[in-house]
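In: sequence first, predicted model second:
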Amino acid sequence: MLGFSERSVSNILFWVTRKKWLILSFFFSISFFYMPSPDGLHPEGHRTLIIVIVALILIVSESIPLPAVAILILIMEVILGVDTADGVASSFMSDAVFFIMGSLMLAVALVKQGLDKRLALSVINITGNKTWRIVLGFVAISALLSSFIGEHTVGAMMLPVALALIRNAGLGTDKATNLSSVLLFSIAYGCAIGSIGTPSGGGRNVIMIGYLSEFGMGTVSYLEWMKFTYPMLLVEIPIVALVVWYTFTPSQRIMDSSVRKLKVKVAKTGDISANQYMAIFIFLIVFCGWIFLSPVIGLGIVALSGVFLYLSFGLVDWQDINRNTNWGVILLFGAAISLGIQMRETGAALWVAEQTLKYLEFIFQDIAIVRWFVAVVITGLLTNLLSNAATVAVLGPIILDMGGNAILMGIMTSIASAFAYLTVVASPTCMIIHSTGLISSSDYFRAGWKLFVISVLLLLLFSTFYWPLLL
Amino acid sequence: MKILIAISSKEYSGPTLDVGMNIARTLKSSTTIVDVGNKISEFSLKDISMANELMETWDLDRPGVDVLEWAYKYLEKNQFIDSLDNSNDMSKHSLLESGSGRAEILLKGRTIKDLSLILRNGDIIHELRDEVQTFNYDLTIIGGSGQRNMAHDLVQYIDSSIFIVNNFNLNQNYKILLAVDDSPGTKKAIKYGVRVAQAFNNKVEILTISEEKNISDQCVQASNRAEKMLRRSGIDFDKNYKVGEPVKTIIDTAADDHIIIMGASSQSPLAKFFMGSKPLSVMRNCNCPVLIVK
């Protein structure tokens, strides 16, 4: 056949079946390109939307590597004439990308310090050996820590603690028992609710703050953000513990032997070292920098200063940072933010916002409800399919263009993007606990839908009754 | 001869291991057992590798190692392997990374002749295809779960012969249904039939099916060749000719107490992709183990 051997035909077929979404998005973009621009949408905006849809298809399907998606976004922006090469380059790097980069590097530096064993011991010392108290302790510690240092760091540090408890419980790991589900989900969901707490809790919070100042819509300081979000975080801690407990009630109510073995294990590692004190001290400096300096020098620069200190005090090797930092994700978020800025500048975001308002107003009759629906429900659902930072990068400009109080809409969107309870791919921590093989994909929905509904209602309550008091 | 056995979980992989090791023992082949773990999203790849590194410091094994360790113990218990005890060798299980997402497990204090344990993560078809292409396996053995969804991809994209251990009951005595016709794949299928029959010490039923009343000379020749081979190897057999629709006849004859062995289709990959093939239909619809010989 055309001179191809059977082997190469089979290889081509395999490629086509695995890359069907790439091929589909190619044909989609060609046909959409030749369609006339809809009324009210500038041709440049039309072309920006093509890039947005192609990028969304490729990110969700993961049919090509994420850095390749990032590069494709940049190439398309230039080739479709959305902006010049220099314009794309300058929108690609921003303080938000600095922050994501710095936060991923800080994660490596912190994880490398061996603080996980200290953490385990302090949690266990507080909770004792009753299972329900351990679950509550896991939710609380995951939520509180991930509100400052990013959920992926906390997820990676807490996972061995949970697994050590599970494997020493004498159950074997044959089945996805309720005990493993309850402990692992308390980490994943604890991290999810925690990440709303401060701007540094997640890259998406910083992306939103970046959009607000880039578009001249206002500024939010570190402490102001906390005033809006922290009360909701604290209320959610017991709720998550209860939902997880009653969804996966374990038969082991006391984990005596696991707890004892864990204590022995930690005791063997010796006392806390000078390096560990130093690592904690540097993190406190970074934390103070975020609170007091970030309005002047930016959250990203503060995070990078922390990385600089860890590297220059020899607390972490560059090789470790280089190996464990997800450069592909940094590229992707850079490209996604660049795309978000282009959406705003070409008027594409405004057009989508107006269309959404026009059509949804028919259904809901009230523009405030429409805005709330898009910012909370649509963001919440999309975040379960996409990474949460990518969701905010793409939806952010649209929601900010829908009117209303931009700062409140922005914070609401960021909070809703943390409702990543329903799927494995929703957030890095959901993926981390899934990688243990102890949890099936359907378990996410079993507990997740309850939390999703409760979180949406809570956000409604807080934004209606509490936030107006702060303005 | 190289055999690849793909397992997934402890609950369902016992029969797959049993069948695979029986065949491997008869053929004196080197065997690889692979566990393909969940696909990891690229967003979380590094976070998970960091978590795995931390688990090392807790002396916890990486997810998946426990499945392979279980497989090893299962083989040891059922006396499929002679292991050498080198207790002083290593303090714990160790992983030998070999290429992206593939790691070989060295179990603590054990060396096993002709057996490797491999851990992979990702889409199962993609990983098995890569493993088979890179290391040139002759036979891939896989459990029956999800077989109906994966059947097409397995037959289409895995370059080795494929044995699907579907609905296998360890206590049942299976007969072998050797489907022969005039296709080029039949010759190799007969060879495998002889070996599998030796492995399980089973009776073979040679089945030739024709859609018309008259059976072609080539089919009769193929059937005679199978008869000769089996007789020479001292294997008990029956020989039958049937008229009817081949796929349905094979499935009906096999019921749930035969192991079906047949050659792969000789159509071009493109034709198979769009129109399917007989082995594929048999694999999708049968209720018993099936071996497609390539």
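Out: All right, it came through fine.

In: only C-alpha atoms from now on, for both contacts and neighbour counts.
Out: Noted.

In: model confidence for A:L400, exactly?
Out: Looking at A:L400, its pLDDT is 93.

In: isn't it right next to A:M409, touching?
Out: Yes. Counting by CA atoms under 8 Å, A:M409 is a contact partner of A:L400 at 6.7 Å.

In: which of these two has more residues huddled nearby?
Out: With neighbours defined as other CA atoms under 10 Å in any protein chain shown, A:L400 and A:M409 compare such that A:L400 has more, 27 against 24.

In: burial of the residue lying closest to the more buried one once chain neighbours are set aside, as a residue count?
Out: Using CA to CA, 6 or more residues apart in numbering or on different chains and skipping the chain neighbours, the partner closest in space to A:L400 is A:A406 (5.7 Å). Residues near A:A406, counting by other CA under 10 Å, number 16.

In: could you check the pLDDT of A:A406?
Out: Predicted confidence (pLDDT) for A:A406: 92.

In: wait, what's in contact with it?
Out: Going by CA atoms under 8 Å, 6 or more residues apart in numbering or on different chains, A:A406 touches A:L212, A:M217, A:G218, A:L400.

In: I'd guessed the second one sits against A:L408; true?
Out: If I follow you right, that is A:M217. No. At 10.9 Å, A:M217 and A:L408 do not qualify as touching, with contact defined as CA under 8 Å.

In: and those two? which has more neighbours close in?
Out: The neighbour comparison of A:M217 against A:L408 (other CA under 10 Å) goes to A:L408, with 16 against 13.

In: quick one: distance of the strand or helix carrying the more buried one to the chain centre.
Out: Taking DSSP states H and E as the criterion, A:L408 maps to helix A:406-416. A distance of 15 Å separates the centroid of the chain from that of helix A:406-416, by CA atoms, centre = their mean, to the nearest Å.

In: likewise for stretch A:330-346?
Out: Distance, centroid of stretch A:330-346 to centroid of chain: 17 Å (CA atoms, centre = their mean).

In: give the rounded mean pLDDT of it.
Out: pLDDT averaged over stretch A:330-346 gives 94.

In: same thing with stretch A:306-320?
Out: The average pLDDT for stretch A:306-320 rounds to 95.

In: any idea how far apart the tips of that stretch sit?
Out: One end of stretch A:306-320 to the other measures 16 Å (CA to CA, to the nearest Å).

In: how about the residue in chain A that chain B sits nearest to, secondary structure?
Out: For chain A and chain B, the shortest gap (CA to the nearest CA) falls at A:A156, measuring 4.5 Å. Put simply, A:A156 is helix when judged by DSSP: H, G, I helix; E, B strand; the rest coil.

In: got the residues of the stretch 301-450 of chain A near chain B?
Out: Within reach of chain B by CA under 8 Å from any CA of the partner chain, the stretch 301-450 of chain A has these residues: A:324-326, A:329, A:387, A:425, A:428, A:431-432, A:434-437.

In: where does the chain dip in pLDDT?
Out: Picking chain A for this. Scanning chain A for pLDDT under 70 picks out the ranges A:1-3, A:171-176.

In: switch to chain B, please.
Out: B:83-92, B:109-112, B:145-148.

In: quick one, what contacts the closest residue to chain A within it?
Out: Going by CA to the nearest CA, chain A is nearest to B:A51 of chain B, at 4.5 Å. B:A51 makes contact with A:G155, A:A156, A:M157, A:L159, A:P160, A:I432, according to CA under 8 Å, 6+ apart.

In: ok, those vs A:F33, which is closest?
Out: A:I432 (39.1 Å; CA to CA).

In: what's the burial count for that closest one?
Out: Counted with other CA under 10 Å, the neighbours of A:I432 add up to 29.

In: name the helix or strand for the closest residue to it other than its chain neighbours, please.
Out: Distance criterion CA to CA, 6+ apart; nearest residue to A:I432, sequence neighbours excluded, is B:I48 at 5.6 Å. If you go by DSSP H and E, B:I48 is part of helix B:45-57.

In: buried sites along that helix?
Out: Within helix B:45-57, the residues scored as buried using 16 or more other CA atoms under 10 Å in any protein chain shown are B:L45, B:K46, B:D47, B:I48, B:S49, B:M50, B:A51, B:N52, B:E53, B:L54, B:M55.

In: ok, longest helix in chain A?
Out: Across chain A, the longest stretch assigned as helix under DSSP state H is helix A:222-247.

In: quick revisit: drop anything exposed from the contacts of B:A51.
Out: A:G155, A:A156, A:M157, A:L159, A:P160, A:I432.

In: just want the phi and psi numbers for B:S233.
Out: phi -90, psi 0 (degrees, to the nearest 10).

In: next: B:S94.
Out: B:S94 adopts backbone torsions of phi -130, psi 160, taken as degrees, to the nearest 10.

In: can you pull the contacts of the residue nearest to A:I432?
Out: Under the criterion of CA under 8 Å, 6+ apart, the neighbours of B:I48 are A:A156, A:I432, A:S435.

In: how near is it to A:P428?
Out: Taking CA to CA, one finds B:I48 at 8 Å from A:P428.

In: same thing with A:G197?
Out: The gap separating A:G197 from A:P428 is 17 Å, by CA to CA.
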